[in-house]
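Asks: Here is my input; please provide its structure:
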Amino acid sequence: MPHPKEEKTVVLVKPDGVKRGLVGEVIRRIEQRGLKIIALRMVTPTKEQAHDHYPNTEIWMRGMGEKTLENYRTYGKDPIKEIGTNDPLEIGKMAAQWNIEFLMSGPVVAMIVEGIHAIAMVRKIVGSTLPSKADMGTIRGDYSVDSPTLANADKRAIHNVVHASGDESEAEHELKHWFSKEEVHSYKRAEEDIMF
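Replies: The predicted structure follows:
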């Protein structure tokens, strides 16, 4: 098990974040928090890279479908009328395909972030996956107003600026998926001795 200061997570600035010029803002917020970026690259994902980024398990797809159904209930929408089904798994499968297409739609900036509780800290910085639930002061809360209702009506992924690994197993998969060992760097930030 790595030292607590060495926990790693992956952040992707998605095509909407890149096209809106938010890469620097995402990096600023991460570094301002005392976390460090130990790998960084820009890539336009292939279909295989985009597909393999996501877990694509039934549980994951069903979870996406449940979030969408919750959003429909909140806003009084009928999922059958809107997208032809109220089956969370079927909705999740549609959303998974839209996510893959969106990730392939332009360049993404991928980075590995390291630091104390990096996974939880980065999730806190980026905010809720659903921008309408993201607190102001988070990246998604400040820079995205999209919703599953609108995204599904347009048959596309939610434009929420960034992706951040959800847990340790996701982070482990994404570290290997986006970076080779040679692309990962080790260094000490100047203020580490003061902060920890």
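Asks: for the record, mean pLDDT for stretch 94-108?
Replies: Taken as a whole, stretch 94-108 carries a mean pLDDT of 97.
Asks: List the buried residues of that stretch.
Replies: By neighbour count on 16 or more other Cβ atoms under 10 Å, the buried set for stretch 94-108 is 94-96, 98-100, 102-105, 108. The C-beta positions use only the backbone N, C-alpha and C, and glycine is treated the same way.
Asks: Max pairwise distance over these: which two?
Replies: Met94 and Val108 (21.5 Å; Cβ to Cβ).
Asks: Give me the secondary structure label for Ile38.
Replies: Judged by DSSP: H, G, I helix; E, B strand; the rest coil, the three-state class of Ile38 is strand.
Asks: Pretty sure Ile119 sits against Ser169.
Replies: No. Under the criterion of Cβ atoms under 8 Å, Ile119 makes no contact with Ser169, lying 10.4 Å away.
Asks: who's more crowded, these two?
Replies: Ile119 (20 against 10; other Cβ atoms under 10 Å).
Asks: And stretch 141-151, end to end?
Replies: Terminal residues of stretch 141-151 lie 17 Å apart, using Cα to Cα, to the nearest Å.
Asks: which residues touch that stretch?
Replies: When contacts are defined by Cβ atoms under 8 Å, 6 or more residues apart in numbering, stretch 141-151 is touched by residues 16-17, 20, 22, 25, 67-68, 71-72, 75, 77, 82, 95, 98, 127-128, 130-132, 134-136, 157-161.
Asks: if we go to 6 Å?
Replies: Contacting residues not belonging to stretch 141-151 are listed as 68, 71, 75, 77, 127, 131-132, 134-135, 158-161 [Cβ atoms under 6 Å, 6 or more residues apart in numbering].
Asks: go on, stretch 42-62?
Replies: Residues from elsewhere that reach stretch 42-62, judged by Cβ under 6 Å, 6+ apart: 88-89, 92-93, 96, 100, 103-104, 107, 109.
Asks: where do the strands sit along the protein?
Replies: 8-13, 36-43, 108-114, 162-164 (DSSP state E).
Asks: List the strands paired with the longest one, with their directions.
Replies: Read it as strand 36-43. Sheet pairing here is set by DSSP bridges, and for strand 36-43 it gives strand 108-114 (antiparallel).
Asks: again, but for the first one
Replies: Applying DSSP bridges, strand 8-13 is found paired with strand 108-114 (antiparallel), strand 162-164 (antiparallel).
Asks: Looking at these, which one is packed in the most?
Replies: For the strands paired with strand 8-13, ranked by mean neighbour count under the definition mean count of other Cβ atoms under 10 Å, the leader is strand 162-164 at a mean of 25.
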